[in-house]
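In: this is the structure alone, sequence omitted:
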């Protein structure tokens with residue numbers, strides 16, 4: 001086994017810890033690790049990311065459900081629209097995108113566009129974690145439920161495009177539109193991420209050859225990490241953790257942009 005692969009498997013533990021701690025961040029870490037350390041082609045890395053994050057989130061979601069920190073009603077309202085959206089995106093929309101995209105006289109590689117888009121998503125995530133939005137009271141319940149469904153569709157589209165579970169967007173949506181406590185939002189987010197990621201991964205099986213040995217090993221290590229993350233939530237203040245992780249994500253986004261655009 002190459003030294004870089006050992007590092008990559010070691011970082012898989014960090015992916016699980018992130019999911020266990022804050023219910024998000026898995027894909028933000030997974031895709032860059034797979035691309036830059038494990039040397040996986042970017043489009044394939046987004047597919048692998050869906051499986052890795054999906055399986056580890058499923059384990060974390062079950063653990064949170066046992067601990068009564070999952071709102072099944074929100075999982076249905078948010079999860080079903082997002083599942084449909086992410087599956088259609090992975091199975092039918094992305095395969096239609098050509099390997100080379102020509103804009104005016106500029107020729108852009110599909111993989112470069114994916115990584116740049118992913119970096120922009122990371123910027124959004126970092127901003128939300130560094131400067132979290134204030135929770136607002138929702139007076140119209142029907143309006144909030146409709147907004148939750150719409151958010152599910154949009155985040156499913158995002159998840160399918162860049163291979164991200166979308167927890168950094170799901171959690172604010174649950175807090176704002178479902179008036180959910182933060183702890184419950186984290187557990188509910190893991191269940192939604194698991195469903196939409198694994199269904200989205202099924203869309204890739206139609207046209208992608210998988211390295212199952214690497215994929216299952218990486219996923220197993222991430223699952224171990226998620227148990228560590230859930231345990232650590234007892235000791236680490238959520239506010240400080242989110243802000244620190246936000247700065248880390250911001251640095252990674254800047255690195256990806258510099259590497260893809262200037263190097």
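Out: Now that the structure is in, tell me what you want to look at. Since this is a predicted model, take the numbers as computed values, not measurements.
In: what about this protein, any weak spots by pLDDT?
Out: Residues of the chain meeting the criterion pLDDT under 70: 132-144, 163-166, 238, 263.
In: which residues of it fall in strands?
Out: Here the chain has its strands, by DSSP state E, at 100-103, 106-109.
In: now render these as CSV, adding mean neighbour count and distance to residue 43.
Out: C-beta coordinates here come from the backbone N, C-alpha and C atoms, glycine included. Formatted as CSV, those follow (neighbours: other Cβ atoms under 10 Å; distance: least, Cβ to Cβ, whole Å):
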stretch, mean neighbour count, distance to residue 43
strand 100-103, 10, 13
strand 106-109, 10, 10
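In: tell me how many other residues crowd the closest residue to residue 195 other than its chain neighbours.
Out: Distances taken as Cβ to Cβ, 6 or more residues apart in numbering place residue 79 nearest to residue 195, at 4.9 Å, with adjacent residues excluded. When neighbours are counted by other Cβ atoms under 10 Å, residue 79 registers 22.
In: just residue 105 next, same as before
Out: By other Cβ under 10 Å, neighbour count at residue 105 equals 5.
In: roughly how far apart are it and residue 260?
Out: Distance, residue 105 to residue 260, by Cβ to Cβ, to the nearest Å: 20 Å.
In: near the residue nearest to residue 249 when sequence neighbours are not counted, how many other residues are there?
Out: Counting by Cβ to Cβ, 6+ apart, residue 249 lies nearest to residue 126, which is 4.3 Å off, once chain neighbours are set aside. Applying other Cβ under 10 Å, we find 23 residues neighbouring residue 126.
In: and what of residue 199?
Out: The burial count for residue 199: 23, using other Cβ under 10 Å.
In: wait, isn't it in contact with residue 86?
Out: Yes: here residue 199 reaches residue 86: they are 6.4 Å apart, a contact under Cβ atoms under 8 Å.
In: from residue 206, how far off is the residue of the chain most remote from its centre?
Out: No residue in the chain sits farther from the centre than residue 105, which is 33.5 Å out by Cα atoms, centre = their mean. Distance, residue 105 to residue 206, using Cβ to Cβ: 34 Å.
In: next: residue 127.
Out: Distance from residue 127 to residue 206, by Cβ to Cβ: 35 Å.
In: next one: residue 9
Out: Taking Cβ to Cβ, one finds residue 9 at 28 Å from residue 206.
In: more crowded one of these two?
Out: residue 9 (19 against 10).
In: hang on, the more buried one packs against residue 222?
Out: No: if you go by Cβ under 8 Å, residue 9 and residue 222 don't touch, sitting 9.6 Å apart.
In: what's the overlap in contacts for the two?
Out: Where contact means Cβ atoms under 8 Å, 6 or more residues apart in numbering, no residue is in contact with each of residue 9 and residue 222.
In: the residue lying closest to residue 147 once chain neighbours are set aside: neighbouring residues, count only.
Out: Leaving out its chain neighbours, the residue that sits closest to residue 147 by Cβ to Cβ, 6+ apart is residue 177, at 4.7 Å. Around residue 177 there are 23 other residues, counting by other Cβ under 10 Å.
In: what does residue 232 give?
Out: Count around residue 232 with other Cβ under 10 Å applied: 13.
In: hmm, it is touching residue 17, no?
Out: Yes: checked against Cβ under 8 Å, the pair residue 232 and residue 17 is within contact range at 7.1 Å.
In: alright, I will stop here.
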